[in-house]
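Peer 1: Next come a sequence and a model predicted from it.
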Amino acid sequence: MRKFLWLSTLVLVLGSLSMAQQYRTFPEIKQSGKILIGTEGQFPPFNYFNDKNQLEGFDIDIGNAIAEQLGLTPEWKAHAWDTMLIALNQGRFDFVIASHTITEERAKAVDFTNPYYCTGNVIVSRPGGPQTPEELKGKVIGAQLGTTFEEFAKQFEPKQLKTYQTNPDAVQDLMMGRIDAWITDQFTALEAIKSRGLNLQVSEPLNKEEIGMAVAKGNSLLLAALNQALAEIQANGVYEQISMKWFGKDIRCK
């Protein structure tokens with residue numbers, strides 16, 4: 001699902017850092033007793049700050065459940081989206097769970113776990129607005145900067161593609177009529193409409209995206225531990241409970 005990043009820049013930066021790249025191995029993490037988890041904090045219902053300025057959401061609950069399965073105390077760190085994976089390879093987190101779509105380009109920079117959920121992109125518009133790819137041609141489309149949504153929108157030959165640092169900014173422009181449609185994740189769209197009571201329409205998903213957690217490139221022991229913990233919470237019912245809490249259904253990849 002989320003976020004394409006400007007990977008040409010990312011790969012160049014990571015290449016220059018390759019000799020200085022630092023991360024904690026899984027044995028080192030176990031010895032410390034805590035695991036550092038990176039997320040964005042601006043992508044409800046997956047990760048966001050609540051009224052008490054505490055992180056919550058589906059990603060947060062899954063991250064906490066995985067930490068518990070590993071016998072570790074989670075320590076969360078919110079970070080700007082566009083440099084999150086760079087910070088991961090610099091050792092600022094042990095892993096990232098922030099609804100990153102698994103792509104070939106991103107996999108050149110980081111290592112991804114098995115998908116922890118699947119989703120799809122949708123078209124959000126005001127009543128009577130575009131709801132199909134054909135209707136998007138020649139329209140003004142909005143998408144979050146550095147995301148797979150931004151890249152996905154380019155194929156529809158928009159009159160203009162406007163990008164935003166955060167999704168609330170895109171929603172505001174959509175409501176004000178500054179854009180004709182907003183391309184985003186299906187669950188994010190439904191949450192935005194529900195939480196703000198907006199009169200907007202949402203298309204059927206246009207594609208399927210697999211979403212993964214990320215570890216620094218080459219951190220294979222941690223990657224294996226995360227995959228095992230994910231499989232265990234999916235088998236013991238914890239994953240389903242979390243998914244039902246946030247979405248009323250199980251959103252793991254089928």
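Peer 2: Looks like it arrived, so ask away.
Peer 1: Find out how far stretch 133-150 is from the centre of the chain, if you would.
Peer 2: In terms of Cα atoms, centre = their mean, to the nearest Å, the gap separating the centre of stretch 133-150 from the centre of its chain is 18 Å.
Peer 1: Quick check: buried residues in it?
Peer 2: Neighbour-count burial for stretch 133-150 flags 135-136, 139-150 (criterion: 16 or more other Cβ atoms under 10 Å). The C-beta positions use only the backbone N, C-alpha and C, and glycine is treated the same way.
Peer 1: One more: stretch 192-203?
Peer 2: Residues A192, I193, L200, Q201, V202, S203 are the ones in stretch 192-203 that count as buried (16+ other Cβ under 10 Å).
Peer 1: Please apply the same query to stretch 99-118.
Peer 2: 99-103, 106, 109-118.
Peer 1: Please state the offset of that stretch from the chain centre?
Peer 2: So, by Cα atoms, centre = their mean, the centroid of stretch 99-118 is 10 Å from its chain's centroid.
Peer 1: and what of stretch 190-203?
Peer 2: For stretch 190-203, the distance to the chain centre is 19 Å (Cα atoms, centre = their mean).
Peer 1: and the end-to-end length of that stretch?
Peer 2: In stretch 190-203, first residue to last residue: 11 Å (Cα to Cα, to the nearest Å).
Peer 1: Other residues contacting it?
Peer 2: Identification of contacts with stretch 190-203 by Cβ atoms under 8 Å, 6 or more residues apart in numbering yields 44-45, 122-127, 129, 131-132, 167-168, 171, 174-175, 186, 189.
Peer 1: switch the cut-off to 7 Å
Peer 2: 44-45, 122-127, 131-132, 167, 171, 175, 189 (Cβ atoms under 7 Å, 6 or more residues apart in numbering).
Peer 1: Fine by me, we can end here.
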